[in-house]
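Participant: For reference, the sequence and a predicted model appear below.
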Amino acid sequence: QGHRLLLGLSGGKDSLTLLHCLLALQPRFPPGFFSLAAATVDPGTAAYNPRPLIAYMAGLGVEYHYLETSIMSSAEGGSLQGDSLCAFCARLKRGALYACCREHNKNVLVLGQHLDDLAESFLMAAMFNGRLSTMKAKYSVNEGDLKVIRPLVYTRERQTRDFAYSQGMPVIAENCPACFEAPKERVHVKKLLLREEQLFPTLFRSLQSALLPLMSPASQDALNGARTSL
């Protein structure tokens with residue numbers, strides 16, 4: 001009751017699908033049950049142009065914030081400090097969204113990652129970093145003033161893709177060279193999961209069950225405790 005939501009809107013199929021799901025849900029609740037706004041972080045690269053979202057959101061009548069940043073120029077200027085470009089960009093985008101929430105009095109940040117994203121993150125953490133972890137379904141930031149939720153954690157990527165394109169949504173392609181020019185770890189893991197799902201059609205149902213405990217912030221404390229006690 002009374003939650004003030006800010007959706008991180010990249011313009012991809014997932015965040016656009018989530019936007020329209022939230023808009024469809026809003027009339028089913030009493031007035032004021034939750035408010036909805038959206039924000040797009042423009043990292044400042046010619047490879048990704050989300051500006052068409054400005055007119056689209058104005059047409060929907062949704063409160064919208066377009067956040068122009070210099071993330072890419074900062075990275076090129078030597079600010080990575082050991083991060084990969086993707087990790088650096090994701091961290092600064094998230095920081096910009098937190099700042100937008102605080103500036104505009106929103107208390108819940110809504111993100112559009114889905115079950116495929118969580119499964120890929122889980123395997124990448126285990127295979128490349130030796131950790132059992134994935135994205136959290138819901139958590140509070142360290143300062144305690146914002147909650148972050150991912151409502152699509154049980155949704156498959158093909159469902160958001162099919163919905164977005166069947167509804168003619170203006171999907172913005174993300175063509176960041178750092179993410180898509182070379183075969184990165186996530187691409188390898190995505191192909192691995194696709195191949196295994198063809199052999200085992202219930203793969204993602206099993207992965208969802210396995211990931212459920214890891215979606216809670218409390219799981220990391222328990223895992224860290226078990227690691228130090230062994």
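Facilitator: Alright, I've got the coordinates.
Participant: close enough to count as contact, Leu7 and Leu19?
Facilitator: Yes. In this structure, Leu7 is within contact of Leu19 by C-beta atoms under 8 Å, at 5.8 Å. In short, each C-beta sits where N, CA and C put it, glycine included.
Participant: what do the two both touch?
Facilitator: Taking C-beta atoms under 8 Å, 6 or more residues apart in numbering as the criterion, Leu7 and Leu19 both touch Ala38.
Participant: Give me the below-cutoff pLDDT ranges for this protein.
Facilitator: Applying pLDDT under 70 to the chain flags residues 75-87, 174-183, 227, 230.
Participant: Tell me where the longest strand sits in it.
Facilitator: strand 34-42 (DSSP state E).
Participant: Sheet partners, orientation included, of that one?
Facilitator: Note on strand 34-42: by DSSP bridges, its sheet partners are strand 3-8 (parallel), strand 63-68 (parallel).
Participant: Just the buried residues of the very next helix or strand once past it, please?
Facilitator: Sequence-wise, the next helix or strand downstream of strand 34-42 (DSSP states H and E) is helix 52-60. For helix 52-60, burial by neighbour count (16 or more other C-beta atoms under 10 Å) applies to 53, 56-57.
Participant: And for Ser160, the neighbour number?
Facilitator: For residue 160 the amino acid is Thr, not Ser. By other C-beta atoms under 10 Å, 22 other residues sit near Thr160.
Participant: name the element it belongs to?
Facilitator: Counting by DSSP H and E, the element that carries Thr160 is helix 157-166.
Participant: which secondary structure elements does the longest helix out of those in the chain contact?
Facilitator: Taking DSSP state H as the assignment, the helix of the chain that covers the most residues is helix 85-103. Applying 3 or more C-beta pairs under 8 Å, 6 or more residues apart in numbering; DSSP states H and E, we find helix 85-103 packed against strand 3-8, strand 34-42, strand 63-68, helix 71-76, strand 108-110, helix 177-180.
Participant: Which of the ones you listed sits closest to Val171?
Facilitator: The closest of the helices and strands packed on helix 85-103 to Val171 is strand 34-42. By C-beta to C-beta, the value is 13.4 Å.
Participant: Of all the residues in the closest one, which ones are buried?
Facilitator: Of all the residues in strand 34-42, those buried under the rule 16+ other C-beta under 10 Å are 36-42.
Participant: what sits up against that strand?
Facilitator: Under C-beta under 8 Å, 6+ apart, the answer for strand 34-42 is 1-11, 19, 22-23, 26, 48, 50-51, 53, 57, 62-69, 71, 93, 96-97, 100, 104, 106, 108.
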